[in-house]
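Trainee: Give me the fold of what follows.
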Amino acid sequence: MASKKKPQPRMLFATPDGEIFDHPDLLLMCRRGDEFGLPRPDEITPLPAESEFFMLPGRHAMGYNQETGQAEVMEELAVAAFASPGHTLSGISAYESDDDAPILPLLSYGAIGYANGKFWVCAKKVDEDKRQIFKNIPPDRVEAGAHNLISEMPENRLVNHLAGCALASGCPAAKNLALGRFECPLPTAQACNARCVGCISEQPEDSGFPSPQCRISFTPTAEEIVQIMRRHESRERRPIFSFGQGCEGEPLTEAELICDSIKQYRADGGTGTVNVNTNGSLHQTMPALKIAGVNSIRVSLNSARKGPYEAYYRPKGYTFEDVRETIAKAHDVGLFVSLNLLYFPGITDTEEEFDALVELGESCRYDFIQLRNLNLDPELYLKLMKPFGHSPCMGFMNFKRRLKKALPWIEYGYFNPFLG
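Mentor: Coordinates of the predicted model:
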C-alpha cells in the first residue's frame, strides 16, 4: 500500500495579545541556517504530545505565497514549537526580526504549521523511550514521591536539592527520581571549566537571558550519592545513574568523588548503568572511572570542528584536542561512548560538519549519537557560527542516513541507553 502523502501545512501567526491563527493562504516555511524554504515532506510530523508552542516577540511571521512563488512577511508575530523530548528539529521557525527584538530564552524554536485538523512541526522522532513522558502521571504523584524521598533521607542534602528540582523547576530527571523510574540524576560539581553560551545553570548578567536552572551550591559526599543510588536501584529494574546534570558544572572536575561513590556502590553489588555526561575536557580521568565501575560517558558537542566547538563552549584550561583524546581514551579503556550532539538545522547537517563527525568517528570511535536540539536563540547561534563558514545543508534525514552509512556501527537516540 502506498504511504499517505504528507500535507503542506499553513503558516501560523500570533496577535500581540497571544492568539494564534493559521493563515488561509500562506504556507509554512522553515529556516535551516541562512536558508529559508518549504519543509521537506520527510521532515515534518504531527506535533507530539507534551510539546509546546509560543509566539516570538519582536519577530514577524514569514510564509510562502504559492501564487507568486515568494516569501511574505506579516506584521503579526511568528510562532515556534518546542518539540517534546525524543524529537529532533529539522527546521527552525522562519521569521524576520525587528532591530530591537529581545534575545529569546534557552529553548529550541521549531517551525510549526497547521493542516488537516492538526498541528505539524519540522521534527522527527529519534527515540521511542518514554523516559520523559508524563502525560498520564498526576502531578500529585510526583509531589508525593519527592516528599517521600525527603522523609526517607532527611539529612541527605542531595535528596533535598533534587526534590526541589522536581517540585520547583519540573526537571524531568528529578521527577523520574521521585517516581522511582528510569534514569537517576546525580549532580555533583559546583565548578565548570567551560563557559557555554547556552549554559542553563549559570549565565552572566549581561547575557540577555536568565538561566532556567539553579546550579548546585554544595558538593555532596560519596555517602549521600550512594544512598540515593541504592534507593533508586531498589525501585527500578533497569537503573541508569547519570552524573552531569543541567543544575551543575562539569562532573569530571569531581572525578575523584565520582570514583569513590561508584566503588562503594559496586562493592555492595550495585547494578545498573553508570554514566557521566561531560564536556570531555579531562581525558586523564577515563581509566580511573572505568576501574571504579562507570559504564559509559556522554560527550557534549555542538560541532566536531575545533573552531565552532570552542566558540560555543568557550573552554577554560582545555581545548578541543582534549575532547578528542577523551573520546579515544574512553573507547580504549572499554567505556561505551555517546555523543550528545547539539543539533541545529542548516549548521550540523552541512558537508563541513558531516565530514568532521565522520573523521572523529573513524579516529576516536564513538558508539552512539544522541540527537539533541541546541537550545539557543537561533540568530544568536548563527551569528556565533558565521566566521566558520558552512555550505548548503543536506537535511536532517539525509544527514542521518549518510552518517550511518559512513559509520555503520553507530546507533541513534535521544537518551542515555541502558547497557544490559
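Trainee: neighbours of Met394, just the number please.
Mentor: 18 (other CB atoms under 10 Å). Placement of C-beta: from N, CA and C, glycine included.
Trainee: That one: what's it in contact with?
Mentor: Contact analysis of Met394 by CB atoms under 8 Å, 6 or more residues apart in numbering lists Asp349, Thr350, Glu351, Phe354, Arg402.
Trainee: Could you report the pLDDT at it?
Mentor: You'll see Met394 listed with a pLDDT of 97.
Trainee: gap between it and Asp349?
Mentor: Taking CB to CB, to the nearest Å as the criterion, Met394 is separated from Asp349 by 5 Å.
Trainee: And for Ile112?
Mentor: Shown here: Ile112 relative to Asp349, a distance of 20 Å by CB to CB.
Trainee: Mind listing residues that contact stretch 13-25?
Mentor: Outside of stretch 13-25, the residues within contact range by CB under 8 Å, 6+ apart are 10-12, 53, 55, 61, 63, 65-66, 74, 76-79, 113-114.
Trainee: Please indicate which of those residues are buried?
Mentor: If you count burial by 16 or more other CB atoms under 10 Å, the buried members of these come out as 10-12, 53, 55, 61, 63, 74, 76-79, 113-114.
Trainee: Any idea how many residues pack against Leu380?
Mentor: 16.
Trainee: In a helix, it, correct?
Mentor: Yes - assessed with DSSP: H, G, I helix; E, B strand; the rest coil, Leu380 lies in a helix.
Trainee: which stretches of this protein aren't confidently modelled?
Mentor: Applying pLDDT under 70 to the chain flags residues 1-4.
Trainee: who are the neighbours in contact with the residue sitting nearest the centre point of it?
Mentor: Centre of the chain computed as the mean C-alpha position; nearest residue by CA atoms, centre = their mean is Arg372, 3.8 Å away. Listed by CB under 8 Å, 6+ apart, the contact partners of Arg372 are Thr88, Asn340, Leu341, Leu342, Tyr343, Tyr414.
Trainee: picking that back up, now, which of the buried ones among the contacts of stretch 13-25 sits nearest Phe182?
Mentor: Phe53 (26.2 Å; CB to CB).
Trainee: On the strand side of things, show who the closest one bridges to.
Mentor: Counting by DSSP bridges, Phe53 forms beta bridges with Ala81.
Trainee: Distance-wise, check it relative to Phe82.
Mentor: From Phe53 across to Phe82, the span is 7 Å (CB to CB).
Trainee: do the same with Ile150
Mentor: Distance of Ile150 to Phe82, computed by CB to CB: 30 Å.
Trainee: between those two, who's got more neighbours?
Mentor: A direct count of neighbours by other CB under 10 Å for Ile150 and Phe82 places Phe82 higher, at 22 against 16.
Trainee: surely that one meets Gly110?
Mentor: Yes - with contact defined as CB atoms under 8 Å, Phe82 reaches Gly110; the gap is 7.0 Å.
Trainee: The contacts of stretch 13-25 in strands, which ones?
Mentor: Among the contacts of stretch 13-25, the residues falling in strands (DSSP state E) are 10-12, 53, 55, 61, 63, 65, 74, 76-79, 113-114.
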